[in-house]
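Participant: Pasting the sequence and the predicted model now:
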Amino acid sequence: MKKILILGVGAQGSTVAKRMDEENEVSEIICADYDKKAVDELVKLLKKGRGVQIDATSKDSIVAVAKDVDLLVNALPIKYGLTVMEAAIEAKTDYQDFAATDILFPEDWVKCVDYLYDEIGARFKEIGKTAIIGTGSAPGMICVVARDAMRYLDSCETVNCLVYEGVVAKRFLPFWWSPVTALGDMTDTAYTYENGKVIPTEPHSRPYYRTFKGIEGVCELVEHAHDEPLYIGHNADKFFKGAKNAAFKYGGEGIKFAKPLYRAGLLSREEEEINGRKVVPFETILAHIPPAPKYKAELEEILNEGLVSDTGAMVVEAFGKKDGKDVLVETYVYAPGMVDSFERSGLSAEMYLTGQCGSFYTTMLVRDQFTQKGLISSDMLEYPQVDYYLNLAKDFDITLETEVKEIK
């Protein structure tokens, strides 16, 4: 029986807690957050739950709670990542992170990821523990899908991870998750893996056009700051059949909203003077964007007002060779839409997909499905682990549709 600590009880952390409350291998779930009210509300819903208020900026505070647990799940914002990892190492526990961290080298994301694989990974391996990073939907599920696509190839040339957000409310609501995180990602330097090297790219650049099943018209996707190209690039030889290229492309309503703001300089975080007044454009824009709906009553109100669109797409394209022929392995991820997700769980589609996909990694950790020691990213699964993960996903109507197409 396992005892787990979940740091951060927002949509992701609370989803994991509820799933683990039904898990036979779990005896106790410690729910921790700085927001005591949120902790108390979650614990009321759990049979195995216990609440703790915690300061995530203090490693000692985390270690004091984590010292007897078997697994620490980090569902906090990315800025707390390194502190929580350090606490997990000191407490000698397995570790799961929905994201990773960029706090060590904020101007060099590649260096951050390399540091996690090499330095932090060596320390987890030294204590005989497993740490997994990037365990939401993207990165997370999409990385498992990319790995699964390798079954159909003898060699791989290119992996494209594509996400298109098409859920549109009648009210003004550009983002279904944290606006500060969303706009931050849309202004940060993006990275792509090209010709065997990771290179920086400008956000909103290099447009990629294609159609998706269930979405009308041709969709534009652009460069966006995400982990997948760094993971795949790092693991190209061992896990991706020698891939030389990997990209993450993002499109949809959030990009349509942010792209013209970015091009106009209205997402700059540098202070400037306008008509004698000092302003930070990013902060000014952010102040006029409504927060993402967090609670069931808020989502219900939005849905009662109506949706303009309830669509989206997550697709992995893997180009390579099979039996001497050029082929494309195209995989669609299907999951409940906004209305269906709310009816099932009281969550938005984005919250549902990210939280549930994260919980599958948690389930596998508590069931001892990971034999790897050290730090791995969510794309570094062996095929039996991929199968186990995808079977868990099917129980929540998250499924794949894969087609192998010969390129002539």
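Facilitator: Sure, I can see it. Numbers count the residues shown, from 1 in each chain.
Participant: what ranges of this protein fall below the confidence cut-off?
Facilitator: 102-104, 106 (pLDDT under 70).
Participant: could you say what helices and strands the strand or helix carrying Val65 packs with?
Facilitator: Following DSSP states H and E, one finds Val65 within helix 59-66. For helix 59-66, the packing partners by 3 or more CB pairs under 8 Å, 6 or more residues apart in numbering; DSSP states H and E come out as strand 2-7, helix 81-91. From N, CA and C alone the C-beta is placed, and that goes for glycine too.
Participant: next one: it to chain centre, how far?
Facilitator: Averaging C-alpha positions (CA atoms, centre = their mean, to the nearest Å) puts helix 59-66 25 Å from its chain's average.
Participant: do the same with stretch 357-368
Facilitator: Here stretch 357-368 is found 15 Å from its chain centre; the criterion is CA atoms, centre = their mean.
Participant: buried ones in it?
Facilitator: 357-366 (16 or more other CB atoms under 10 Å).
Participant: contacting residues around that stretch?
Facilitator: 2, 4, 12, 15-16, 19-20, 23, 25-26, 70-71, 73, 75, 94, 96, 98, 130, 132, 135-137, 140-141, 370, 378, 385, 388-389, 392-393, 398 (CB atoms under 8 Å, 6 or more residues apart in numbering).
Participant: Buried only: go through those for me.
Facilitator: Buried members of the contacts of stretch 357-368, counted by 16+ other CB under 10 Å: 2, 4, 12, 15-16, 19-20, 23, 26, 70-71, 73, 75, 94, 96, 98, 130, 132, 135-137, 140-141, 370, 378, 385, 388-389, 392-393, 398.
Participant: domains in the protein, as residue ranges please.
Facilitator: 2-128, 141-346+397-406 (automatic domain parsing).
Participant: Gly346 contacts Lys296, doesn't it?
Facilitator: Yes. Using CB atoms under 8 Å, Gly346 makes contact with Lys296 at a distance of 4.0 Å.
Participant: between those two, which one's more packed in?
Facilitator: More crowded of Gly346 and Lys296, by other CB atoms under 10 Å: Gly346, with 15 against 12.
Participant: check contacts around the more buried one.
Facilitator: Here Gly346 is in contact with 296, 299 (CB under 8 Å, 6+ apart).
Participant: roughly how far apart are it and Pro293?
Facilitator: 11 Å (CB to CB, to the nearest Å).
Participant: quick one: common contacting residues for the two?
Facilitator: Leu299.
Participant: Helix or strand: which one has the spatially closest residue to Glu330 that is not a sequence neighbour?
Facilitator: Computed as CB to CB, 6 or more residues apart in numbering, the closest residue to Glu330 that is not its neighbour in sequence is Glu403, at 5.2 Å. In the assignment (DSSP H and E), Glu403 maps to strand 399-406.
Participant: list the buried ones in that strand?
Facilitator: Going by 16+ other CB under 10 Å, strand 399-406 has these buried residues: 400, 404.
Participant: and if you look at stretch 201-217?
Facilitator: 201, 203-204, 208, 210, 212, 215.
Participant: Report the distance from it to the chain centre.
Facilitator: So, by CA atoms, centre = their mean, the centroid of stretch 201-217 is 19 Å from its chain's centroid.
Participant: Export that stretch to CSV, keeping only CA atoms.
Facilitator: Taking C-alpha atoms only, stretch 201-217 is exported to CSV below (Å, rounded to 0.1, in the frame of the first residue of the first chain):
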residue,chain,number,x,y,z
THR,A,201,12.4,29.9,-33.0
GLU,A,202,10.3,33.0,-32.7
PRO,A,203,6.8,32.4,-31.2
HIS,A,204,3.9,32.6,-33.7
SER,A,205,6.4,31.9,-36.6
ARG,A,206,6.7,29.1,-39.2
PRO,A,207,3.0,28.6,-39.8
TYR,A,208,1.9,25.1,-40.6
TYR,A,209,-1.4,24.5,-42.4
ARG,A,210,-3.6,21.4,-42.4
THR,A,211,-7.1,20.1,-42.0
PHE,A,212,-8.4,18.1,-39.0
LYS,A,213,-11.3,15.7,-38.8
GLY,A,214,-14.2,17.4,-37.2
ILE,A,215,-13.0,20.9,-37.8
GLU,A,216,-14.2,23.0,-40.7
GLY,A,217,-11.6,24.6,-43.0
